[in-house]
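J.: prediction below, plus the sequence it came from.
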Amino acid sequence: MKKNLGMFFGLPCCGAVAVLMGLCAFTPVSRADVAVNNEGYSSGGGLNGANELAQEFTMSGTGGSLSSLTLDLLITGGSGTAAVSVFNVNGSGVPTTLLAIVGTINVASSGDNAVSLISYPLLTGSASYAIVLQPSAAATAWEYTATAGSGGSGSLGGAYFYSGAWYQFGGNYLQMSLSTTPVPEVPMTGLVMGFGALAIALGRKLRLAVSNIA
C-alpha cells in the first residue's frame, strides 16, 4: 500500500511531479482584450434607430472570440428587444454579409446596454467587421461621438445607417465597448518544458524497469 502511494499512473512520485510540471507547461493563460471602447467620450447625440445602424471596427493584430459587447443607447420612448449582429465589411468598410447574430439587447433605458450574447464568433486579427443594431419597438437611438479614439487595441471605422442601402454617418463614431478572448496558444517554451519534463519522467521509469530486470 505504501509503495502504491508513491506511484502515480505507474510512475514514481518524482516522475509524477515531472509529468504534472509538463502538463502545466502546456496550459495557456487567456485574458480578455478590449478591442474598442469609446463609451467614455463626449456624446454628440443619438443616431435614430428606425433602420439598421452599424459601426465598423478593425481588430488589432491579435484575434479572438467575442466575449462582451455593450452599446451606448439613447431611449426616447417605449421599450423592446433588438437583435445585434456582426457583419463582414467590404474594402470601404460598408457592411456586406452576416457573420453571426451575437445576441439581443433590452432597450429599456438610456446608457450603456450590455448585449446578452448567444454566440461568440471568432474575429480574425487585423480584419474589419461591423456591429449592426437591428430596429426594435422602442424609440431607440445609438449615441455617437466625434472623437476618433477607440480606447482599445483595435480601431474604429465609419458609422452607417441603412435606408435601402448603407450610408455613412460621416465624421462620427457610434459608441460601444467590445472585448474578445484570444484563442489560447501554447508558447514554444511551454512545448519544450512539457516534452522535457515528460521525457525525464519516462526515462526514469525505463531505467527503474531495466534495473529491476537485472
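T.: Yep, it's here. Numbering: from 1, shown residues only.
J.: make it CA atoms for all contacts and neighbour counts henceforth
T.: Noted.
J.: what's in contact with stretch 46-55?
T.: Stretch 46-55 has contacts (CA atoms under 8 Å, 6 or more residues apart in numbering) with 73-74, 95, 130-136, 139-144, 156-163, 173-174.
J.: list the contacts for G64?
T.: 122-125, 180-183.
J.: show the contacting residues for the nearest residue to it once chain neighbours are set aside.
T.: Among residues not flanking G64 along the chain, P182 sits closest, at 3.9 Å (CA to CA, 6 or more residues apart in numbering). Shown in contact with P182 (CA under 8 Å, 6+ apart): 30-33, 62-65.
J.: got the phi and psi for G44?
T.: In terms of degrees, to the nearest 10, the main-chain angles of G44 are phi -100, psi 0.
J.: measure it to Y160 for me?
T.: G44 sits 15 Å away from Y160, taking CA to CA, to the nearest Å as the criterion.
J.: burial of the nearest residue to G125 once chain neighbours are set aside, as a residue count?
T.: Of all residues not flanking G125 in the chain, G63 sits nearest, at 3.8 Å (CA to CA, 6+ apart). Neighbour count of G63, defined by other CA atoms under 10 Å: 19.
J.: so what's G63 up against?
T.: By CA under 8 Å, 6+ apart, the contact list for G63 reads 122-126, 180, 182-183.
J.: measure how buried I118 is and give me the count.
T.: So I118, with other CA under 10 Å, has 11 neighbours.
J.: what of E143?
T.: E143: 26 surrounding residues under other CA under 10 Å.
J.: surely A35 touches S179?
T.: Yes. Contact status for A35 versus S179: in contact at 5.3 Å, counting by CA atoms under 8 Å.
J.: helix/strand/coil for the residue nearest to T180 when sequence neighbours are not counted?
T.: Leaving out its chain neighbours, the residue that sits closest to T180 by CA to CA, 6+ apart is L66, at 4.4 Å. The local conformation at L66, judged by DSSP: H, G, I helix; E, B strand; the rest coil, is strand.
J.: gap between L66 and Y173?
T.: Taken as CA to CA, the span from L66 to Y173 is 20 Å.
J.: more neighbours, these two?
T.: Y173 (28 against 22).
J.: what is the nearest of the contacts of P182 to I101?
T.: Distance to I101, by CA to CA, is smallest for S65 among those, at 13.6 Å.
J.: disregarding residues adjacent in the polypeptide, which is nearest to A146?
T.: Of all residues not flanking A146 in the chain, N172 sits nearest, at 4.6 Å (CA to CA, 6+ apart).
J.: the one you found touches L156, doesn't it?
T.: No. Judged on CA under 8 Å, N172 makes no contact with L156 at a distance of 10.0 Å.
J.: okay, and the beta partners of A83?
T.: T104 (DSSP bridges).
J.: just the mean pLDDT for stretch 158-172, thanks.
T.: Over the span of stretch 158-172, the pLDDT mean works out to 95.
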